[in-house]
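Engineer: output the structure for:
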Amino acid sequence: MSLLGDTAERDYARKLRLFNAFAAPELAQAMLGLGLRDGMRLLDAGCGTGETLLRLRDTAGPHAEICGVDLSSAHVRAARETVDGSVIVLQGDLLTVPLPAASFDLIWSANTLNHLHDPVAGLRHLATLLRAHGRIAVGQSSLLPELYFAWDSRLERLTRAAVRRYYEDRYGLEECDLAGARNLLGWMHGAGLRRITSRTLVIERTAPLDHAAQEYLLEGIFRGTWGERLQPYLAPADHTALCRLCAPASPEFALRRRDFHFIQTFTLVVGEKS
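Structural biologist: Got it, this is the predicted structure:
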């Protein structure tokens, strides 16, 4: 089992699809800066539901050889339905799935390595799959705290703390475990990669929200992540206030507020094999 409880049976395909649609402009922008070329061999390590596999093909060109790997059987099924037969999608653990050494020009891995107990060991293994001077691009959301309630910083701070305590209780994690992804540069250096660069994109949405933003924020965060599960970690009055903001039927529903302002970051760190 991974640091965050992932198994082959775990399925959060809907949330992945919603996030990929929501953040599509910023993810495409991040990928465009990688200088992908037609004919490259590309791996998506932690490919989820496959939208990034399509983006790799669109960015690199029709003759790029593309492979995706994911631990979840449900995600692999979804990815295979997303792509055509020219893209290989494998189910298995990143550290043990059989892939040829020294065979890829670039490995993309977004919001995945932070699930590993030892991300540096994971990066070292991925580096063995790279050709000489091949690169690893590690993407991670939310290295900086998100902005949800621009009008109520107190409730936002309490909600963020409640989420952290929920994860600590559910997975037995301490705060340092949850914040480990902040050290992406340290992971890259620890894995022996060189010419390391970093770029952070801001995913910013304001009212009125488009459909993709509305769906992701409601299903992926406001309804799917908060709600009942945070009740033990908030004072009754604060939990009631949060529920009013999260409920579409409530007159206070946050996503309909004219002053709703959401900010999330996506950081991409790229390192080259020595």
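Engineer: buried residues in the strand or helix carrying K15?
Structural biologist: Remark: K15 resides in helix 13-22, with elements defined by DSSP states H and E. Burial within helix 13-22, assessed by neighbour count using 16 or more other CB atoms under 10 Å, is assigned to 13, 15-20, 22. From N, CA and C alone the C-beta is placed, and that goes for glycine too.
Engineer: contacts for that helix?
Structural biologist: By CB atoms under 8 Å, 6 or more residues apart in numbering, the surrounding residues in contact with helix 13-22 are 27, 48-49, 51-52, 72, 74-75, 78, 203, 212-213, 215-217, 219-220, 224.
Engineer: again, only using 7 Å
Structural biologist: 48-49, 51, 74-75, 78, 212-213, 215-216, 219-220, 224 (CB atoms under 7 Å, 6 or more residues apart in numbering).
Engineer: distance from it to the middle of the chain?
Structural biologist: Averaging C-alpha positions (CA atoms, centre = their mean, to the nearest Å) puts helix 13-22 10 Å from its chain's average.
Engineer: over to stretch 217-230?
Structural biologist: 17 Å.
Engineer: contact partners of it?
Structural biologist: Residues contacting stretch 217-230 (CB under 7 Å, 6+ apart): 14-15, 18-19, 159, 162-163, 166, 239, 242-243, 246, 248, 255, 262.
Engineer: in helices, which of these appear?
Structural biologist: 14-15, 18-19, 159, 162-163, 166, 239, 242-243, 246 (DSSP state H).
Engineer: coming back round to it: what is the most widely separated pair among the contacts of helix 13-22?
Structural biologist: A74 and A213 (24.6 Å; CB to CB).
Engineer: for the two, indicate the residue with more neighbours.
Structural biologist: A213 (21 against 18; other CB atoms under 10 Å).
Engineer: pretty sure L185 sits in a helix.
Structural biologist: Yes - according to DSSP: H, G, I helix; E, B strand; the rest coil, L185 belongs to a helix.
Engineer: help me confirm that it comes into contact with T197.
Structural biologist: No - L185 is beyond contact range of T197, at 9.7 Å (criterion: CB atoms under 7 Å).
Engineer: which parts of the chain are helices?
Structural biologist: 13-22, 24-32, 51-60, 73-82, 119-128, 153-171, 175-178, 184-190, 211-215, 236-246.
Engineer: outside of the fourth one itself, list whatever touches it.
Structural biologist: Outside helix 73-82, the residues within contact range by CB under 7 Å, 6+ apart are 8-9, 11, 13, 16, 47-51, 53-54, 68, 70, 89, 91.
Engineer: going by neighbour count, list what's buried in it.
Structural biologist: 74-80, 82.
Engineer: can you get me a residue count around R195?
Structural biologist: 12.
Engineer: not counting its neighbours along the chain, what's nearest it?
Structural biologist: E272 (4.4 Å; CB to CB, 6 or more residues apart in numbering).
Engineer: dump the residue contacts of that neighbour.
Structural biologist: Here E272 is in contact with 133, 135, 193-195 (CB under 7 Å, 6+ apart).
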